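Participant: Pasted the sequence and its predicted model underneath.
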Amino acid sequence: ARWYDNPELKTERVARVFPEVPRVWERYGWTLYSKGEYDTAIELAQREFVHDTPAVQSGAYQLIGMSRFKQGQTQDALAALHKAMDVDPNNDLGRFRLAMVYEELGRFAAAMPLYEALVASASSHNPTLHRLARVYRELGRPGDARRMYEQELKNNPYEFPASLALADLDFQESTPDSLRAAERRLIELLDWMSENITARINLAHLYDTVGDTPRAKQHYHRAQQYGFESLEQAVFAHDFFEKHESFNSLPEVWTAYLKLHSDDTTGRAFLAWSFL
């Protein structure tokens, strides 16, 4: 029974009982990859090369490539991921992983055609749409990014990261119509997801930008009640209250933040500064 205590033991047990089954060592390797044991994961992937099936070899090269990438060996990682595509050109998962590595390296022009090919074959896969939208934004193509976000919402109206991204694009346009569009998106999101702190902070910042201080203050206070998820969110609230000379609100901001992030020394420094 101990073999079922965790995924590592389970996949190891299956591999040892059925060592000749294709991809069994690769699956064991991915569980070790998730634990950061990259060298062992690579050794297990190499055991799959006794099989000449393209999909099996591609999976092994993908595991090697992702492990090398995690180890900081960028060129070896890319070589393995390209090899995965060479042996199985129609492997969408291999294409996704190669695109993801290029994206994380900041090589957006290289990631773009890979993501575009994936979207062409699976326009309902929202994680790929979202990543392609980010690549388009990095390459200065906000209109194309907007199309991807809108497709995400068409696939799933509750895909809130897409709603946040569209509101951000609207805000960046900074026209009266676009600011009203951003406001509408954020309000609609908060109607069914009132605890979304990012949406609430963004809406507060929007109101502050257009000079609606009372509503901005209201949403910063609501965000504070739910709890700030990041230091950046708390800093936004701090800057707002400091700008409007609501100095008594500053300790409340950082006290609320530290309830969820008690070990954050930067937050404690801000709290000390707010008392000062």
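Facilitator: That came through fine.
Participant: Now do stretch 95-107, average pLDDT.
Facilitator: Confidence over stretch 95-107 (mean pLDDT, whole number) is 98.
Participant: All further residue positions should be reported with the first residue as 464.
Facilitator: Will do, 464 is the new start, and the previous item becomes stretch 558-570.
Participant: what's it in contact with?
Facilitator: Here stretch 558-570 makes contact (Cβ atoms under 8 Å, 6 or more residues apart in numbering) with 525, 528-529, 532, 537, 540-541, 544-545, 547-548, 571, 573-574, 577-578, 580-581, 591, 594, 597-598, 601. Quick note: C-beta positions are derived from backbone N, CA and C, even for glycine.
Participant: Show me which positions of it end up buried.
Facilitator: Buried residues in stretch 558-570, counting neighbours by 16 or more other Cβ atoms under 10 Å, are found at 558, 559, 560, 561, 562, 563, 564, 565, 566.
Participant: Wait, residue 669 touches residue 647, no?
Facilitator: No: using Cβ atoms under 8 Å, residue 669 is not in contact with residue 647; the gap is 10.8 Å.
Participant: So between these two, which is more surrounded?
Facilitator: residue 669 (21 against 12; other Cβ atoms under 10 Å).
Participant: if I look at the more buried one, how far off is residue 678?
Facilitator: Taking Cβ to Cβ, to the nearest Å as the measure, residue 669 and residue 678 are separated by 9 Å.
Participant: same check, this time on residue 651
Facilitator: For residue 651, the distance to residue 678 - Cβ to Cβ - is 16 Å.
Participant: elements contacting the host helix or strand of residue 632?
Facilitator: For residue 632, the host element (DSSP states H and E) is helix 623-636. Applying 3 or more Cβ pairs under 8 Å, 6 or more residues apart in numbering; DSSP states H and E, one finds that helix 623-636 makes contact with helix 589-601, helix 605-618, helix 639-655, helix 660-672.
Participant: quick one: which of those is nearest residue 701?
Facilitator: Smallest distance to residue 701 across these (Cβ to Cβ): 11.7 Å, for helix 660-672.
Participant: next helix or strand past the closest one?
Facilitator: Downstream of helix 660-672, the next assigned helix or strand under DSSP H and E is helix 676-689.
Participant: Which elements pack onto that following helix?
Facilitator: For helix 676-689, the packing partners by 3+ Cβ pairs under 8 Å, 6+ apart are helix 660-672, helix 694-706, helix 713-723.
Participant: Could you list the residues in contact with it?
Facilitator: Contacts with helix 676-689, where a contact means Cβ under 8 Å, 6+ apart, come from 658, 660, 663-664, 666-668, 670-671, 696, 699-700, 703-704, 707, 709, 715-716, 719.
Participant: Pull out the buried members of these.
Facilitator: With neighbours counted using 16+ other Cβ under 10 Å, the contacts of helix 676-689 contain these buried positions: 660, 663-664, 666-668, 670-671, 696, 699-700, 703-704, 715-716, 719.
Participant: what packs against the helix or strand hosting residue 488?
Facilitator: Per DSSP H and E: residue 488 is located in helix 487-497. If you count contacts as 3+ Cβ pairs under 8 Å, 6+ apart, helix 487-497 packs onto helix 470-480, helix 501-509, helix 517-533.
Participant: now for these, which one comes closest to residue 731?
Facilitator: helix 517-533 (32.6 Å).
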